[in-house]
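> sequence unknown, structure follows:
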């Protein structure tokens, strides 16, 4: 049995996470200036190279603007950030941001329908076999988290079948945002991932290269989870 070595988080990674959390959480607003590298290093107890590396990562993520010889300023991540920021926006201090959850659900619905349509257009025997095998695995499990993992595996295959790098990268970001919530959403998502027949119908529509049916069935399937989660959110918001 082979184990992977445990790697401690780098200092630059810790700096990146702390500053990005404050930007995404609104503590640091667009236009705010960050302290100098020296002051950040002193305040955070890390080296200046670690701070410099973190600032470069923050710049690449669209969170700050680093200007040589001038202060580093916070950028409006809504205008400059990419979908890789979704995980940090979805959960803040361990609690979901329901507005972001709704946004992710909307994106999931729109992207899922188009990915299913493309997969049907480009379907072949290998894709069909993989989809059927995943549906079989889905039907043989009843653990809430395991069911979600099987469902994710199903959509991974659909995205592979769509053969679109743009959709693949967007899907990756949505998956990374969703995965940390699976335990909390297990029972709620059973409304969707527990419907093996719905996955089977979608798989067969893709296998038959029926684009319209694949798109319609994808919407119907994803709407099950969307409705279930939206109901929970509505109830929570009504109680506050």
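Looks like it came in fine. Only a predicted model underlies this, so the values are computations on that prediction, with no experimental measurement involved. Numbering: from 1, shown residues only.

> tell me the domain ranges of the protein?
Domain assignment for the chain by automatic domain parsing gives 11-79, 86-239.

> what segments of this structure are strands?
Along the chain, counting by DSSP state E, strands occupy 64-65, 73-74, 91-92, 95-96.

> off-centre distance for the lowest-mean-pLDDT helix or strand in the chain?
Lowest on mean pLDDT, DSSP states H and E among the helices and strands of the chain sits strand 91-92, with a mean of 72. Averaging C-alpha positions (C-alpha atoms, centre = their mean, to the nearest Å) puts strand 91-92 13 Å from its chain's average.

> just stretch 173-180 next, same as before
Centroid separation for stretch 173-180 versus its chain: 3 Å, with C-alpha atoms, centre = their mean.

> show me the contact partners of stretch 164-172.
The contact list for stretch 164-172 (C-beta atoms under 8 Å, 6 or more residues apart in numbering) reads 83, 107, 111, 114-115, 118, 155-156, 159, 162. All C-beta atoms are positioned from the backbone trio N, CA, C, and that covers glycine.

> just these: which are in helices?
Of these, the ones assigned to helices by DSSP state H are 107, 111, 114-115, 118, 155-156, 159, 162.

> could you dump these to CSV with neighbour count?
Listed next are the ones in helices among the contacts of stretch 164-172 as CSV, based on neighbours: other C-beta atoms under 10 Å:
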residue, neighbour count
107, 17
111, 20
114, 15
115, 24
118, 21
155, 23
156, 16
159, 23
162, 25
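
> and for residue 182, nearest residue in space, chain neighbours not counted?
For residue 182, ignoring the flanking residues on the chain, the nearest one in space by C-beta to C-beta, 6 or more residues apart in numbering is residue 148 at 4.8 Å.

> nothing else from me, thank you.
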